[in-house]
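*Asks:* based on what follows, work out the 3D shape:
(one chain, ligands or ions: 1)
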Amino acid sequence: MKETLIHTDVLIVGTGIAGLSCALEMAHLYPEYRITLLDKSFDRNSNSQHAQGGMAAVMSPDHDSFQSHFNDTLRAGRWVNQAAVVDYFVRKAPEAIHWLETLGVKFDKETLGDYQLGMEGGHAHPRIVHQKDWTGKEVLSVLWNCVIIHDRIKVLSGYLAKDLWGISFEYGGKLEKCCGIKGFDLSNGNPVIIHSDITILATGGCGRLFARTTNAEIATGDGVAMASRAGVELRDMHYYQFHPTALYDRQNGRALLLTEALRGAGAHIVNDQGERFLWKGDKRGELATRDIICALMENEMTSKGVDYLYLDARHLGSVCLKKNFPQVVGNCLGLGFHPAEDLLPILPAAHYQCGGIVVDLLGRSSLEGLYALGECASTGLHGKNRLASNSLTEGVVFARKLAKELVKFEISNPPLNISEGIKEMGKCSLEEVPQFLEIRTSLQKEMNKLIFSKDQITLINQVSSKVEKWKIIIERKLASKSGIELQNLLDVAEVMCKSFKDQLEEHAEHN
Ligand SMILES: Cc1cc2nc3c(=O)[nH]c(=O)nc-3n(C[C@H](O)[C@H](O)[C@H](O)COP(=O)(O)OP(=O)(O)OC[C@H]3O[C@@H](n4cnc5c(N)ncnc54)[C@H](O)[C@@H]3O)c2cc1C
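*Replies:* Sure, this is the predicted structure:
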């Protein structure tokens, strides 16, 4: 077994929109720093890569305003968002879009050069910049192109961060200072320690905790789990957003997303009698926020005793659909559905983690040396429910702010016990352990039930004790990728259950 020790000034774990943007801005601002980007996938997979709708920003001040974007964000988040953070975000959002354009990103424009702005649920005005329905792919391909030619950014693909690494308090498991991570080089399973002065988690969300999700395979909550194990402050993990329009395909795992922009363009949600029932619950109908639409759909399905509902996009016509939503149309056709001819069966699916690692406006967590960005961070922007298309923009706005205001730091010496630390880790296997797969599937089913349960306190207790039991089963068999990801999912489930429970108890005390 060959152990590796890597030194870098700045370590960014994650190559989605947040990690890549931060690396580029830092490399631009601090020519003296060595920057290392870590990515557990070999193929640049991330949720950012799959984003369809686009990026929210006030790009036409004549028809829109910061105040309106601010109000919509707070309204979607049920007014528990941090107003100062929302205010900063909406004002900086247009700058983030222009920055991407200077790097080479092309957003769709009208013939006279104005942005072609999309409409999505919860927005009072059209304000979503996009490229067709593959905005994520476009933005990521430009960011990747800039990163790989940069001589001071080193990308380590196929490297899995397992735990934060650093200086511990003498007693208790908490870290006192983060000095990097320990993990594995998945190409050969060898352990690695990466020593860094600044460590930034940009590891994305935890959609894979649920039975049906729009999220990519990488979304196993690794950053939140690592932070939780190190005693870093987390918040609002029970504010998890489901997306109302995921194609129902009777399978576990990844559910194909039918972008919100389809509803923005006029597609309807209907029941099996073809009725548009959402209007009864919210006067915005299909343009209400996702939490409201999902709750109305759940009610409708329960009262009608059906397993799914439908998205009706037929009246948009084949030409409009193919022109504006080529990716969705192509994916649907691949599964045997013709959006211009067929009703599309839909069901809510896990989509976005609104809570996470608590950070301030500069991205600093409660642990010295540790920062967080993107979906794994809780900046205070989203409150209870993220406004559609705010998260890609958030990734860029706060990545740039972190880079610009990074407190200058002294290059430090690594803590002494490096080689001991590496030896303890052993080798990491890439083989799937069948027992882990079973536990993972059971966990995902339990978490889905929990989210939609009416009797949450009983279920939370049941799920918590199952999680505890599963953790004991996997404890000594962690030396595989699937084991590490399962441990992360179980740790996130534990945090989520606690977060749900605290909220219910708090609620009970106030009643
Ligand atoms: C299908 C879909 C459509 C969406 N559409 C939109 C949209 O239109 N607009 C919008 O604003 N938002 C959208 N979202 C949400 C948005 O895409 C995400 O919130 C955002 O991309 C998160 O970016 P990120 O950089 O934080 O994380 P991600 O893009 O998820 O990247 C996480 C990175 O961390 C790496 N990583 C994770 N764990 C480890 C580890 N242990 N070690 C090493 N590397 C690790 C991963 O490999 C990956 O590179 C969509 C999400 C999905 C799933």
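*Asks:* do I have it right that L257 meets P244?
*Replies:* No. Look at L257 against P244 with CB atoms under 8 Å: they stay out of range, at 10.3 Å. For glycine as for every other residue, the C-beta is placed from the backbone atoms N, C-alpha and C.
*Asks:* these two: which is more packed in?
*Replies:* Each of L257 and P244 has its neighbours counted (other CB atoms under 10 Å); P244 has more, 29 against 24.
*Asks:* thought the more buried one was touching I293?
*Replies:* Yes. Between P244 and I293 there is a contact under CB under 8 Å: 4.3 Å.
*Asks:* now do the shared contacts for these two.
*Replies:* Common neighbours of P244 and I293, counting by CB atoms under 8 Å, 6 or more residues apart in numbering, are I269.
*Asks:* for L311, helix, strand, or coil?
*Replies:* Using DSSP: H, G, I helix; E, B strand; the rest coil, the structure places L311 in strand.
*Asks:* tell me what it is bridged to.
*Replies:* The residues listed as beta-bridge partners of L311 by DSSP bridges are I269, L344.
*Asks:* got the contact list for it?
*Replies:* Taking CB under 8 Å, 6+ apart as the criterion, L311 is in contact with 245, 258, 262-263, 267-270, 343-344, 346.
*Asks:* widest-spaced pair of the residues you listed?
*Replies:* R263 and L343 (14.4 Å; CB to CB).
*Asks:* between the two, which one's more packed in?
*Replies:* More crowded of R263 and L343, by other CB under 10 Å: R263, with 25 against 17.
*Asks:* which helix or strand contains that one?
*Replies:* helix 260-264 (DSSP states H and E).
*Asks:* cool, and C497?
*Replies:* Here C497 sits within helix 481-510, counting by DSSP H and E.
*Asks:* which helices and strands does that helix pack with?
*Replies:* Helix 481-510 is packed against strand 159-168, helix 222-229, strand 234-235, helix 434-452, helix 456-474, with contacts defined by 3 or more CB pairs under 8 Å, 6 or more residues apart in numbering; DSSP states H and E.
*Asks:* now do the last one, average pLDDT.
*Replies:* Yep, that's helix 456-474 we're talking about. Mean pLDDT, helix 456-474: 93.
*Asks:* ramachandran coordinates for F242?
*Replies:* Dihedral angles of F242 (phi, psi; degrees, to the nearest 10) stand at phi -100, psi 150.
*Asks:* so which of the contacts of L311 is the closest to R75?
*Replies:* For the contacts of L311, the nearest to R75 is R263 (17.4 Å; CB to CB).
*Asks:* now do the closest one, the pLDDT please.
*Replies:* pLDDT, R263: 96.
*Asks:* wait, it touches G121, no?
*Replies:* Yes. Contact between R263 and G121 holds when scored by CB under 8 Å: they sit 6.4 Å apart.
*Asks:* okay, and the common contacts of those two?
*Replies:* Overlap of the contact sets of R263 and G121 (by CB under 8 Å, 6+ apart) consists of 286-287.
*Asks:* contacting residues for the closest residue in space to R440 that isn't next to it in sequence?
*Replies:* Residue nearest to R440 in three dimensions, not counting chain neighbours: L486, with 5.5 Å by CB to CB, 6 or more residues apart in numbering. Neighbour list for L486: 436, 439-440, 443, 474 [criterion: CB under 8 Å, 6+ apart].
*Asks:* that older thread, tell me how far the helix holding C497 lies from the chain's centre.
*Replies:* Chain-centre distance of helix 481-510: 17 Å, with CA atoms, centre = their mean, to the nearest Å.
*Asks:* and that helix with helix 222-229, angle?
*Replies:* Orientation check (axes from the mean of the first three to the mean of the last three CA atoms, to 10 degrees): helix 481-510 against helix 222-229 gives 70 degrees.
*Asks:* buried ones in helix 481-510, by neighbour count?
*Replies:* Residues of helix 481-510 classed as buried: 481-501 (neighbour count, 16 or more other CB atoms under 10 Å).
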